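**Student:** coordinates only, no sequence provided:
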């Protein structure tokens, strides 16, 4: 009986210990994850649900009452020419920015991965534009385009620099591409630099022994081994380019005649300048769907590249 009582007490003690550990684990989980989930709910989930709800109404953001409209706002958005002009402008802008900024970012990373003096200084200098706010960036470059570029063009005789910036759709478009590329390429350079540093030196030593040229080494070793890094940089650039807003306002403000207006700026103008909150919400929901499709493609391609590597 004594042995049985001893086993009984030992089992009860183990059960109590397990319960304490379980309760402690739940408490620790709630302590560390709870604040994050609370902020996620307050700052993202509730606004998203509210936006979807109001997109089915006629609320103007001022009147306390509103009426349920069904999918009328979505049908209106589909037929809205200004919305689709801004949408295709954003797609075109994103395509150019993604390609050019990745090429420039990779070029900087590749050059600075060699035996260059003060390479950390040059990396910091190239990355510096990324820390400048979009609004400040737009005003800064507006001054450069309208003064520095024009004076340089008049001095050098190169008409491309001395053109009247922001007076034509083409000049406004390329101004935005230049500014976004200048801002984004430094950040992509840092990511490409990490990818280059992860490539084993043995590959390059073997290529040197075999007499491979720098171009052959770049084409056959560096670029294939940067496949995963390149995929990440491409989708980072896509996400940032498609969310163009603050630089768009301060640099071109959609001019001339809203031809350089991105989707985000179009949604803002609809919701807050025209007091059509519900209609603007419907436009933003449609754009969110596009971003979700892009993000899903990003995850699929990234996971595929990671497996193949």
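**Tutor:** The structure has been received and is ready for your questions. Just so it is clear, the model here is predicted, and its values are computed rather than measured.
**Student:** count the neighbours of residue 253 for me.
**Tutor:** Using other C-beta atoms under 10 Å, the number of residues around residue 253 comes to 16. Bear in mind the C-beta positions are built from the backbone N, C-alpha and C, glycine included.
**Student:** swap that for residue 217, please
**Tutor:** Using other C-beta under 10 Å, residue 217 has 17 neighbouring residues.
**Student:** okay, it and residue 207: tell me how far apart.
**Tutor:** Per C-beta to C-beta, to the nearest Å, residue 217 is found 5 Å from residue 207.
**Student:** also residue 76?
**Tutor:** According to C-beta to C-beta, residue 76 stands 59 Å off from residue 207.
**Student:** between those two, which is the more surrounded one?
**Tutor:** Per other C-beta under 10 Å, whichever of residue 76 and residue 207 has more neighbours is residue 207, with 18 against 15.
**Student:** so what does the helix or strand containing the more buried one touch, helix or strand wise?
**Tutor:** If you go by DSSP states H and E, residue 207 is part of helix 201-209. For helix 201-209, the packing partners by 3 or more C-beta pairs under 8 Å, 6 or more residues apart in numbering; DSSP states H and E come out as helix 214-217.
**Student:** can you give me the helices for the stretch 101-250 of the chain?
**Tutor:** For the stretch 101-250 of the chain, applying DSSP state H, counting those that start in this stretch gives helices covering 119-127, 134-143, 150-156, 159-162, 169-197, 201-209, 214-217, 223-225, 227-242, 246-251.
**Student:** other SSEs contacting the second one?
**Tutor:** In this structure, helix 134-143 makes packing contacts with helix 169-197, helix 246-251, judged by 3+ C-beta pairs under 8 Å, 6+ apart.
**Student:** what's the spacing between the closest residue to residue 221 other than its chain neighbours and residue 225?
**Tutor:** Once flanking residues are discounted, residue 221 sits nearest to residue 203: 5.0 Å by C-beta to C-beta, 6 or more residues apart in numbering. Distance of residue 203 to residue 225, given as C-beta to C-beta: 7 Å.
**Student:** who has more neighbours, these two?
**Tutor:** Comparing residue 203 with residue 225 by neighbour count (other C-beta under 10 Å), the higher total belongs to residue 225, at 17 against 14.
**Student:** any stretches of this structure with poor pLDDT?
**Tutor:** Across the chain, the ranges flagged by pLDDT under 70 are 1-30, 302-309.
**Student:** apply 80 and report the result again.
**Tutor:** For the chain, the stretches with pLDDT under 80 are 1-34, 298-309.
**Student:** about what we covered before: could I get the helices of the stretch 101-250 of the chain as JSON lines with distance to residue 292?
**Tutor:** Converted to JSON lines, the helices of the stretch 101-250 of the chain look like this (distance: least, C-beta to C-beta, whole Å):
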{"stretch": "helix 119-127", "distance to residue 292": "30"}
{"stretch": "helix 134-143", "distance to residue 292": "23"}
{"stretch": "helix 150-156", "distance to residue 292": "42"}
{"stretch": "helix 159-162", "distance to residue 292": "39"}
{"stretch": "helix 169-197", "distance to residue 292": "22"}
{"stretch": "helix 201-209", "distance to residue 292": "38"}
{"stretch": "helix 214-217", "distance to residue 292": "39"}
{"stretch": "helix 223-225", "distance to residue 292": "30"}
{"stretch": "helix 227-242", "distance to residue 292": "12"}
{"stretch": "helix 246-251", "distance to residue 292": "22"}
